[in-house]
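Trainee: Sequence first, then the predicted structure, then my questions.
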There are 2 protein chains.
Amino acid sequence: MQALEERILRDGVLKSGGILKVDSFLNHQMDIDFINEIGREFYRLFGHEKITKILTIEASGIGIACITAQYFHVPVVFAKKAQSKNLDGEVYTSQVHSYTHGKDYIIRVSKKFLTSEDKVLLIDDFLANGKAILGLLDIVKQAGAQVAGAGICIEKGFQDGGRQLREQGLHVESLAIVDLDENGEIRFRSQS
Amino acid sequence: MQALEERILRDGVLKSGGILKVDSFLNHQMDIDFINEIGREFYRLFGHEKITKILTIEASGIGIACITAQYFHVPVVFAKKAQSKNLDGEVYTSQVHSYTHGKDYIIRVSKKFLTSEDKVLLIDDFLANGKAILGLLDIVKQAGAQVAGAGICIEKGFQDGGRQLREQGLHVESLAIVDLDENGEIRFRSQS
């Protein structure tokens, strides 16, 4: 998605350790008109599937998933990271390792909101080592639901998650795939 | 907002300890068409103010804030709860006590995204003891920004946050104020 690549070059900041900061428009401050363009693009890519739910993970995925869901006219379900008084009853759980936060955590989705009748689109802001998407896939599988694919805003091509997920047969669409050239500068992988 | 009161009566579940679960449409599974109605109502209530940013707190506030921001055509900034590699540089911080999770936590907003030029609308799904909104107000004050008010989906009238915030002079608009009658059943406070 050319508009996203241009926005990353204009407003993104590449830090040491392969950390790409896009917090001015995507995951701390959110440019909602721009995220609408992203939602429209996910609909172009997955709108032919009979999707019944969009599944994401708190926190950065939620806003993008909600804007995107408007094009699909389906509910969003977001996996919760914290054990809460508000999340009782039967839940699906999966363990995820966060590279960003440097720890493992449990994600939870109430069994009420994901069933074998569902066809699910996964949405997230970043794909790096793929652990968050693997956790969501695990929960979709526990529910006996189908997965239509994963819509990712930014994939870090220099980490391994995208390759692993595609090898498993998951339909992954990343709107921008960031590679690093020999000088450590951003290069976008061309996608046909 | 009558549609919200009806939805709470239809789909909300009142648990012991004054916990009202609305996770089927508001804060775990999210009914996006319905949340658009909520966003429109916040715009009716605050659209006359020259709002430049919507500020909320992760995680449940984010989706509601993003949908609402489409009516105001302003960015959303969400306060983060976790210390992250992605949040470096200068940040405003405030300490908040969570009733739901039973602990204190620090919220953080990058100084880049809130300045003395801003007029801020606070958005959240729930108002109970008001600690989250007080934390956001503290951050707005540190930034030297103005606050236009707080748009809340559901206020628990039987907790003290709403009264305290209004006594401080904050313009609080709660789309439904839930009180409990002598039998512990839900009664909505009438609002003129």
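Mentor: Structure received.

Trainee: which helix of chain A spans the most residues?
Mentor: In chain A, ranked by residue count with DSSP state H as the criterion, the top helix is helix A:32-46.

Trainee: contact partners of that one?
Mentor: Under the criterion Cβ atoms under 8 Å, 6 or more residues apart in numbering or on different chains, residues A:1, A:3-4, A:7, A:25-26, A:63-64, A:67-72, A:121, A:123, A:148-149, A:151, A:153, A:173, A:175, B:66, B:69-70, B:73-76 lie in contact with helix A:32-46. Where you see a C-beta, it was placed from the backbone N, CA and C, and this is true even at glycine.

Trainee: Buried residues, that helix. List them.
Mentor: For helix A:32-46, burial by neighbour count (16 or more other Cβ atoms under 10 Å in any protein chain shown) applies to A:32, A:34, A:35, A:36, A:38, A:39, A:40, A:41, A:42, A:43, A:45, A:46.

Trainee: From those, pick the one nearest residue B:188.
Mentor: Comparing the buried residues of helix A:32-46 against residue B:188 with Cβ to Cβ places residue A:32 closest, at 30.4 Å.

Trainee: Residue A:71 against residue A:64, yeah?
Mentor: No. Contact criterion Cβ atoms under 8 Å: residue A:71 and residue A:64 do not qualify, at 11.9 Å.

Trainee: the more surrounded of these two?
Mentor: residue A:64 (28 against 18; other Cβ atoms under 10 Å in any protein chain shown).

Trainee: circling back: okay if I get the buried residues of helix A:32-46 as TSV plus distance to residue A:179 and pLDDT?
Mentor: Output for those, formatted as TSV (distance: Cβ to Cβ, whole Å; pLDDT from 0 to 100):
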residue	distance to residue A:179	pLDDT
A:32	28	98
A:34	23	98
A:35	24	98
A:36	27	98
A:38	20	98
A:39	25	98
A:40	25	98
A:41	20	98
A:42	22	98
A:43	26	98
A:45	21	98
A:46	24	98
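
Trainee: Now render those residues as a markdown table, adding distance to residue B:190.
Mentor: Below are these laid out as a markdown table (distance: Cβ to Cβ, whole Å):
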| residue | distance to residue B:190 |
| --- | --- |
| A:32 | 33 |
| A:34 | 40 |
| A:35 | 37 |
| A:36 | 36 |
| A:38 | 41 |
| A:39 | 38 |
| A:40 | 41 |
| A:41 | 45 |
| A:42 | 42 |
| A:43 | 41 |
| A:45 | 47 |
| A:46 | 44 |
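
Trainee: Give me the distance from the helix or strand hosting residue A:55 to the chain's centre.
Mentor: Here residue A:55 sits within strand A:53-57, counting by DSSP states H and E. Counting by Cα atoms, centre = their mean, to the nearest Å, strand A:53-57 is centred 9 Å from the centre of its parent chain.

Trainee: List the residues that contact residue A:26.
Mentor: Going by Cβ under 8 Å, 6+ apart, residue A:26 touches A:35, A:60, A:64, A:125, A:153, A:154.

Trainee: Quickly note the distance from it to residue A:177.
Mentor: Distance, residue A:26 to residue A:177, using Cβ to Cβ, to the nearest Å: 15 Å.

Trainee: in chain A, which spans are helices?
Mentor: For chain A, applying DSSP H gives helices covering A:2-11, A:32-46, A:60-72, A:131-143, A:161-167.

Trainee: Please name the nearest non-neighbouring residue to the residue positioned nearest the centre of chain A.
Mentor: Computing the C-alpha centroid of chain A and ranking residues by Cα atoms, centre = their mean puts residue A:124 first, at 1.5 Å. Leaving aside its sequence neighbours, residue A:124 sits nearest to residue A:61 (Cβ to Cβ, 6 or more residues apart in numbering or on different chains; 4.5 Å).

Trainee: Check what pLDDT the one you found gets.
Mentor: At residue A:61, the model reports a pLDDT of 97.

Trainee: shaky segments in chain A?
Mentor: For chain A, the stretches flagged by pLDDT under 70 are A:83-88, A:192.

Trainee: Quick check: longest strand in it by residues?
Mentor: Using DSSP state E, we find that the single longest strand of chain A is strand A:146-156.

Trainee: That one pairs with which strands?
Mentor: Applying DSSP bridges, strand A:146-156 is found paired with strand A:119-127 (parallel), strand A:172-180 (parallel).
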